[in-house]
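pasting a predicted model and its sequence here:
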Amino acid sequence: MTESDPPPARKIGWLRFAPIAVIVLVLGGVLASGVHRRLSLESLRESSAALDALVAQNLPLALAAYIGIYAVAVMISMPGALFLTLTGGFLFGIWMGGAATVIAATIGATGVFLAARTAFGDALRARAGGWLKRLEEGFRDNAFNYLLALRLFPGAPFFIVNLAPAFLNVKLRDFVLATFIGIIPGTLVYSAVGNGLRAAFNAGVDVDPVDAARDLLFSPEIIIPIAGLLLLALLPVAAKAFRRKPQGAA
């Protein structure tokens, strides 16, 4: 190694930001190209015949392409990813489209989690005060249940829930399992609405699929079971807290 060469440790230190840099560059390219603007109901209506033909001719290829595109969209937090969920239900039906979306979203979320943990996790924990350490300890003890509850909660921002566990030293296994299981109910709701778009197109009815999905998601038939699952996810956390409560405490 010559005097002009940087120390190996410095090289490794800079390399940890490479995944984040790639994500930012890809997102910048997508936004500059305007591809995200094509994710609209009108575009789906215009392209439905061509997309249906692709699915009919080569279903495995169509599914693989959908999963790949969706995973990248989630990884770079591309605007319009929610519309892709509707498209999955439109093209593949509720169950196949929902399953493909859950797999793709889990892959994309895991990519964000790993990139953030590699780039910022250690540095953030080293510079943070005791509050983060206490939060990390509590999250580590109940990581799966906390994450599952956050994934089930309809109002939790998907991208933020991808990042926070990366800063709190959550195990990859817990992150993947909680993400995969927790996003199933909401994904199936949006897939069901996407599947219903075909009938709306054929009938010439104008519909706002996002509003329709939200109305369905927050209907008593859907939100009450999700709330029950959320409470079940938090039950072990409450039980641990109760067991740790000092004897004689009020």
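Ah, there it is.

could you list the low-confidence segments of this protein?
In the predicted model of the chain, residues 1-40, 119-138, 140, 202-213, 215-217, 221, 237-250 satisfy pLDDT under 70.

show me the helices in it, by range?
8-15, 18-33, 41-57, 59-75, 81-92, 94-116, 122-127, 130-141, 143-152, 158-167, 172-182, 184-203, 209-217, 220-244 (DSSP state H).

what's the angle between the fourth one and helix 158-167?
Going back to what we said before, that points to helix 59-75. 70 degrees (axes from the mean of the first three to the mean of the last three C-alpha atoms, to 10 degrees).

please put the alpha-carbon coordinates of helix 59-75 into CSV.
Provided in CSV are the C-alpha atoms of helix 59-75 (Å, rounded to 0.1, in the frame of the first residue of the first chain):
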residue,chain,number,x,y,z
LEU,A,59,-48.1,-16.0,-16.2
PRO,A,60,-44.8,-16.9,-14.4
LEU,A,61,-43.0,-14.1,-16.3
ALA,A,62,-45.7,-11.6,-15.6
LEU,A,63,-45.7,-12.5,-11.9
ALA,A,64,-41.9,-12.3,-11.7
ALA,A,65,-41.9,-8.9,-13.5
TYR,A,66,-44.6,-7.6,-11.1
ILE,A,67,-42.8,-8.8,-8.0
GLY,A,68,-39.5,-7.3,-9.2
ILE,A,69,-41.0,-3.9,-10.1
TYR,A,70,-43.0,-3.7,-6.9
ALA,A,71,-39.9,-4.7,-4.8
VAL,A,72,-37.8,-1.9,-6.4
ALA,A,73,-40.7,0.6,-6.0
VAL,A,74,-40.9,-0.2,-2.2
MET,A,75,-37.1,-0.1,-1.9
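
report the angle between that helix and helix 81-92.
Using the same axes, to 10 degrees, helix 59-75 lies at 170 degrees relative to helix 81-92.

in helix 59-75, what counts as buried?
62, 63, 66, 67, 70, 71, 72, 73, 74, 75 (16 or more other C-beta atoms under 10 Å). Quick note: C-beta positions are derived from backbone N, CA and C, even for glycine.

buried stuff in stretch 163-180?
In stretch 163-180, counting by 16+ other C-beta under 10 Å, buried: 163-170, 174-176, 178-180.

closest to residue 153 out of those residues?
residue 178 (12.1 Å; C-beta to C-beta).

hmm, the closest one is touching residue 139, no?
No - if you go by C-beta atoms under 8 Å, residue 178 and residue 139 don't touch, sitting 11.5 Å apart.

would you confirm that residue 82 contacts residue 193?
No - if you go by C-beta under 8 Å, residue 82 and residue 193 don't touch, sitting 10.7 Å apart.
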